[in-house]
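Colleague: this is the structure alone, sequence omitted:
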Ligand SMILES: [Zn+2]
């Protein structure tokens with residue numbers, strides 16, 4: 001193995017200087033083009049925007065150190081990408097169905113303190129993912145949530161019940177949500193699959209909403225803080 005070849009090959013000082021110039025120009029161009037996307041930050045990128053960033057990134061890298069790649073070609077490519085991006089965002093603003101197609105739709109995960117079954121059937125998200133997100137937002141059980149929406153960028157929006165309207169709900173911390181094996185009278189139980197709450201006569205009763213048979217004791221604690 002020829003280490004000199006791996007590290008230096010035919011690099012000349014002149015080309016090192018050229019790399020320096022190319023990097024500075026490309027760096028400034030990347031900033032300029034990112035400004036042209038109109039985005040103010042990158043905290044919440046949709047899948048579509050991540051694709052644009054990846055495109056820009058791979059276009060920007062090569063011209064920094066490829067001898068026979070004139071910078072103007074990179075500028076043309078980046079301009080076309082930005083133009084496409086701006087056209088797409090404009091179309092998305094004009095036509096709702098187009099936006100749903102590109103960005104995905106937001107969907108209800110919780111309504112009236114119970115899970116929306118269709119949301120989980122569609123497979124957008126698992127119970128575990130959802131519960132961990134709820135825990136992060138200091139939710140103790142589903143009875144505290146009036147509406148839970150999964151936004152198209154993957155974030156959650158939650159509307160809570162006011163304290164006096166909090167009802168019995170499915171606990172979402174694992175130690176509270178253990179399956180029960182016998183039932184006590186006048187205790188409220190929650191279906192672990194859909195969050196439906198009711199009194200039970202026997203442990204393996206069908207849930208009237210989702211016909212699952214796994215129950216846990218429901219709680220109705222209020223939100224703290
Ligand atoms: Zn159920």
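Modeller: Ah, there it is. In this text, all values refer to a predicted model and were calculated from it rather than measured experimentally.
Colleague: got the residues of the chain near the ion?
Modeller: 191, 193, 194, 196, 207, 209, 210, 212 (C-beta under 5 Å from the ion). All C-beta spots, glycine's among them, are computed from the backbone N, C-alpha and C.
Colleague: so residue 204 touches residue 189, yeah?
Modeller: No - Residue 204 is not in contact with residue 189 according to C-beta atoms under 8 Å; the separation is 11.7 Å.
Colleague: okay, the two: which has more neighbours?
Modeller: A direct count of neighbours by other C-beta atoms under 10 Å for residue 204 and residue 189 places residue 189 higher, at 22 against 11.
Colleague: quick one: the residue found closest to that one once you drop the neighbours it is linked to in the chain from residue 207, how far?
Modeller: Excluding its sequence neighbours, the residue lying closest to residue 189 (C-beta to C-beta, 6 or more residues apart in numbering) is residue 215, at 4.3 Å. For residue 215, the distance to residue 207 equals 8 Å [C-beta to C-beta, to the nearest Å].
Colleague: tell me where the protein has strands.
Modeller: 107-111, 114-115, 145-150, 156-160, 188-191, 197-199, 215-217 (DSSP state E).
Colleague: just to revisit the earlier point, what residues do residue 215 and residue 207 have in common as contacts?
Modeller: residue 191 (C-beta atoms under 8 Å, 6 or more residues apart in numbering).
Colleague: picking that back up, got TSV for the strands of the chain, with mean pLDDT too?
Modeller: TSV is the format used below for the strands of the chain (pLDDT from 0 to 100):
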stretch	mean pLDDT
strand 107-111	92
strand 114-115	94
strand 145-150	93
strand 156-160	92
strand 188-191	95
strand 197-199	94
strand 215-217	94
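Colleague: columns distance to residue 53 on top of the ones you listed, output as JSON lines?
Modeller: Shown next, in JSON lines, are the strands of the chain (distance: least, C-beta to C-beta, whole Å):
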{"stretch": "strand 107-111", "distance to residue 53": "25"}
{"stretch": "strand 114-115", "distance to residue 53": "34"}
{"stretch": "strand 145-150", "distance to residue 53": "23"}
{"stretch": "strand 156-160", "distance to residue 53": "23"}
{"stretch": "strand 188-191", "distance to residue 53": "42"}
{"stretch": "strand 197-199", "distance to residue 53": "44"}
{"stretch": "strand 215-217", "distance to residue 53": "43"}
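Colleague: nearest to residue 47, of the ones you listed?
Modeller: Taking C-beta to C-beta, strand 145-150 is the member of the strands of the chain nearest to residue 47, at 14.0 Å.
Colleague: which residues touch the residue most central in space within the chain?
Modeller: Centroid-nearest residue in the chain: residue 154, 2.3 Å away (criterion: C-alpha atoms, centre = their mean). Contacts of residue 154 were listed using C-beta under 8 Å, 6+ apart, and none were found.
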